[in-house]
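A.B. asks: need a structure here:
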Amino acid sequence: TSRSGMAKSYVDKKELGKLIDHVSTFGRRTVAAVKSEIYEDAVKVFKESQEQVPVLSGDLRASGMLEVDEESMSARISYNEEHAMDVHENGKQYTFNHDKSSHYLSRPFSSIFHASGYDKKLVDRALKRAESGAGWTTFKGIRGSPGPLADRTQSRYSE
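C.D. replies: Numbering: from 1, shown residues only. As a prediction, this is how the structure comes out:
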């Protein structure tokens, strides 16, 4: 966590580095395919976290961001509101409405990246992608939005 209360989860870069080293023996197309598959999984995590994040004003949900750094091969999903970590950890036992929940980032992250057999499935998908010649995913940032449940009258930001 940071002082701003940013909520985040991560996979150790060493783990991903070992995986990339392993598949690099198959060639550049396969490495690009692995990066694309990882990015697409990060997009799934982000979209699922957007569905789970509690919404009042929509400020927390809208502060969500997915950023990709191709050079370091990292994807960062963050929620940058001051109260992000408090809501994520829910130490005060808030009750959330509309099937929203705490751990809105770590839960989808774990269900995808820490799933049993993830590394093998990732390699299989990447090899299939490389063999098929499927297009590579364009790496770009994705931002959150307040969403339909937001009561913008409770937002600190004027529109």
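
A.B. asks: Could I get the full set of strands for the chain?
C.D. replies: 64-69, 74-79, 142-143 (DSSP state E).

A.B. asks: Just name the most buried of these.
C.D. replies: Comparing the strands of the chain on average neighbours per residue, with mean count of other CB atoms under 10 Å, the densest one is strand 74-79 at a mean of 20. C-beta: built from backbone N, CA, C; applies to glycine.

A.B. asks: which helices and strands sit right next to that one?
C.D. replies: Helices and strands touching strand 74-79, as assessed by 3 or more CB pairs under 8 Å, 6 or more residues apart in numbering; DSSP states H and E, comprise helix 28-52, strand 64-69.

A.B. asks: Show residues contacting the first one.
C.D. replies: By CB atoms under 8 Å, 6 or more residues apart in numbering, the list of residues contacting helix 28-52 from outside reads 16, 19-20, 23-24, 61, 64, 66, 68, 70, 73, 75, 77, 79, 100-101, 104-105, 107-109, 111-113, 122-123, 125-127, 129-130, 134, 136-137, 139, 142, 144-145, 147.

A.B. asks: Now distance to residue 52 and mean pLDDT too, for the strands of the chain, in JSON lines please.
C.D. replies: Formatted as JSON lines, the strands of the chain follow (distance: least, CB to CB, whole Å; pLDDT from 0 to 100):
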{"stretch": "strand 64-69", "distance to residue 52": "11", "mean pLDDT": "90"}
{"stretch": "strand 74-79", "distance to residue 52": "11", "mean pLDDT": "89"}
{"stretch": "strand 142-143", "distance to residue 52": "16", "mean pLDDT": "93"}
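
A.B. asks: In JSON lines, list the ones you listed along with distance to residue 157.
C.D. replies: Converted to JSON lines, these look like this (distance: least, CB to CB, whole Å):
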{"stretch": "strand 64-69", "distance to residue 157": "15"}
{"stretch": "strand 74-79", "distance to residue 157": "15"}
{"stretch": "strand 142-143", "distance to residue 157": "14"}
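
A.B. asks: Any stretches of the chain with poor pLDDT?
C.D. replies: 1-20, 22-26, 158-159 (pLDDT under 70).

A.B. asks: just the helices in it please.
C.D. replies: Taking DSSP state H as the criterion, the chain carries its helices at 13-24, 28-52, 59-62, 84-89, 106-113, 118-132.

A.B. asks: buried residues in the second one?
C.D. replies: What it means is helix 28-52. 30-39, 41-43, 45-46, 48-50, 52 (16 or more other CB atoms under 10 Å).

A.B. asks: Same check on the last one?
C.D. replies: Along helix 118-132, these residues count as buried under the neighbour rule (16+ other CB under 10 Å): 122, 123, 125, 126, 127, 129, 130.
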